[in-house]
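Peer 1: curious how this folds, go ahead:
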Amino acid sequence: MRYPADHKEETARRIIEKAGPLMRSRGFAGTSLQDVMREAKLTVGGFYNHFKDKSDVLRYVLAADMNESRKLIVEDLDDLNGDDYAAAVVERYLSEQHRDDTKMACDVPYLSAEVARMDDDTKQVYQDYVVKVVGTIAERLDEQDDEDAQRHAWELVSKMVGALMIARAVKDPGLSNEILDACKVGVRRRGV
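Peer 2: Here you go, the predicted structure:
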């Protein structure tokens, strides 16, 4: 049986699409190739026709999820800039929905600790991903110069990611919500 010309690309896309949520919810180490291929409704043996290893898939997941992350930080916020924009991003990013829904594709709070122990190629893809997120935020901030905007954006991203990571890790839902709220209030108090 002959497959359509785009069959290989479509299959690889499906694997990436299924791997992202699994890696965000279970972690990179906790996600096996069997899990990914089962989700994609494919056999494990076919995996190596598309990727050299699981780290290779992660690099593609990070690259593919950049568009989703951009939506999270810009969608429906076209009319906002400066502190109003930053406050809206913080509010959206530190929502209960973002904390609980691993299908929402900001990989930074979910995979940072694991990427830190990975190869340089994966770290480079991750770095490119984070730099793009920060750049997207910095473009909309009202700062005296680009360097101040970049610094402010790095500060916001670091606070949001840290709060989300801790909020996801604690057992008590009330404490988790308190962590998200504390970060939102703290950022607002400091003039975003």
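Peer 1: contact partners of stretch 19-32?
Peer 2: Stretch 19-32 has contacts (CB atoms under 8 Å, 6 or more residues apart in numbering) with 35-36, 39, 54, 57-58, 60-61, 64-65, 102-103, 105, 107, 110-111, 114-115, 118. The C-beta positions use only the backbone N, C-alpha and C, and glycine is treated the same way.
Peer 1: one more time with 10 Å
Peer 2: Contact with stretch 19-32 is made by 33, 35-40, 44, 51, 54-55, 57-58, 60-62, 64-65, 68, 101-107, 109-111, 113-115, 117-118, 122, as judged by CB atoms under 10 Å, 6 or more residues apart in numbering.
Peer 1: strands - which of those residues land there?
Peer 2: Within these, no residue falls in strands by DSSP state E.
Peer 1: which ones among those lie within helices?
Peer 2: 33, 35-39, 54-55, 57-58, 60-62, 64-65, 68, 109-111, 113-115, 122 (DSSP state H).
Peer 1: put the buried members of those residues into a ChimeraX selection.
Peer 2: The ChimeraX command for the buried members of these (criterion: 16 or more other CB atoms under 10 Å) is given here:
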select :33,35,36,37,39,54,57,58,60,61,62,64,65,109,110,111,114,115,122
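Peer 1: next, the angle helix 108-115 makes with the longest helix seen in the chain.
Peer 2: Among the elements of the chain assigned as helix by DSSP H, the one spanning the most residues is helix 146-169. Interaxial angle, helix 146-169 versus helix 108-115 (axes from the mean of the first three to the mean of the last three CA atoms, to 10 degrees): 90 degrees.
Peer 1: how many neighbouring residues does Trp154 have?
Peer 2: 15 (other CB atoms under 10 Å).
Peer 1: run through the residues that contact it.
Peer 2: Contacts of Trp154 (CB under 10 Å, 6+ apart): Val130, Val131, Val134, Ile137, Ala138.
Peer 1: neighbour-wise, which of these leads?
Peer 2: Ile137 (23 neighbours).
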